[in-house]
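# dropping a prediction and its sequence here:
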Amino acid sequence: MNNISLFKYITGNSKIHVMSSKYKIAYFLLSLIIIVALNDLLSISLFSLLTLYLMYKTKIEFRQYFYNVLVLSPLHLFIIAIIVALTFNLYTGLLVLYKLIMATISFLILTFTTSLSEIAWGFECLFKKLKDIKFPVSKTALNIALSIKFFSTMFDQVKTIRKSMAYRGVPYNKKYHKTIKNMIIPVISLSLKLSRRMVAAMKLRFYGYSYNRTNYRGNKVTKFDKVIIFCEFVIIYLSIWLGWYR
């Protein structure tokens, strides 16, 4: 668990790291559309290859993705068990499991290579037209970034509390569920306290008070960004045409 960074930014200088944050968010949202539409072998293969290529381009070890998916596997298996019990169809369960894993990996590509400030800025730029109808884009983008931070903070607190309990001689091979139960309240309370501190820090910096916010990084759009988005649109077209209309 000490080597796992759940939804946490990992410093790097890969092509995905320097990719425009709004294009990375667009990639993630388009990936969700693809995952919902996937229903044929060709589209599944193409999307899997594109995802593996992007994972390789992040220059982050594949075991980081594997560990994060493994941490969330109880949730995935719980959802699959419900689906199989309701549909009595193993193929449907396996397809949904594949979709959940790919959605998790797509989200990991975004969070591993994009800082929270860049995620907030990217959402704000991508949906800035909503400001014309008085939609609170800045606050919504900040809430999304803080939600991601909250999950990673909770996971970090779990590791810290586990170490503290281990130093005090708390056994894990006996009464494991009782030990986990005793960890829940401290993890949530410490995570909420850290989140409140971050919100207070953002307020002190007057986040969201200006209509047009500046950004430290240039976020230049490159050909690589456009090619990735183009490939996503091609897979969306194939998924809908082959899987549903054909």
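That came through fine.

# for the most centrally placed residue in the chain, what are its contacts?
When C-alpha atoms, centre = their mean is applied to the chain, the residue found nearest the centroid is F107 (2.9 Å). With contacts defined as C-beta atoms under 8 Å, 6 or more residues apart in numbering, the neighbours of F107 are 7, 28. C-beta coordinates here come from the backbone N, C-alpha and C atoms, glycine included.

# hmm, try it at 6 Å
The contact partners of F107, taken as C-beta atoms under 6 Å, 6 or more residues apart in numbering, number zero.

# check the one 5 residues further on too.
F112 is in contact with 10, 60, counting by C-beta under 6 Å, 6+ apart.

# cool, and L190?
L190 sits next to Q157 when contact means C-beta under 6 Å, 6+ apart.

# for this protein, which helix is longest?
helix 137-167 (DSSP state H).

# now do the buried residues in that helix.
Judged by neighbour count (16 or more other C-beta atoms under 10 Å), helix 137-167 contains these buried residues: 137-138, 140-142, 144-146, 148-150, 152-158, 161-162, 165.

# and C231, how many residues sit next to it?
As a burial measure, C231 scores 18 neighbours (other C-beta atoms under 10 Å).

# circling back: just the CA trace of the host helix or strand of the residue nearest to the centre of the chain, in CSV.
Counting by DSSP states H and E, the secondary-structure element that holds F107 is helix 90-113. Provided in CSV are the C-alpha atoms of helix 90-113 (Å, rounded to 0.1, in the frame of the first residue of the first chain):
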residue,chain,number,x,y,z
LEU,A,90,-21.9,-14.0,-17.4
TYR,A,91,-20.9,-12.3,-20.7
THR,A,92,-22.7,-9.1,-19.6
GLY,A,93,-21.0,-9.2,-16.2
LEU,A,94,-17.6,-9.6,-17.9
LEU,A,95,-18.3,-6.7,-20.3
VAL,A,96,-19.3,-4.4,-17.5
LEU,A,97,-16.2,-5.4,-15.5
TYR,A,98,-14.1,-4.5,-18.5
LYS,A,99,-15.8,-1.2,-18.8
LEU,A,100,-15.3,-0.4,-15.1
ILE,A,101,-11.6,-1.2,-15.4
MET,A,102,-11.2,0.9,-18.5
ALA,A,103,-13.1,3.8,-16.9
THR,A,104,-10.8,3.6,-13.9
ILE,A,105,-7.6,3.5,-16.0
SER,A,106,-8.8,6.5,-18.1
PHE,A,107,-9.4,8.4,-14.9
LEU,A,108,-6.0,7.4,-13.6
ILE,A,109,-4.3,8.7,-16.8
LEU,A,110,-6.0,12.1,-16.1
THR,A,111,-5.2,12.3,-12.4
PHE,A,112,-1.6,10.8,-12.6
THR,A,113,-0.5,13.4,-15.2
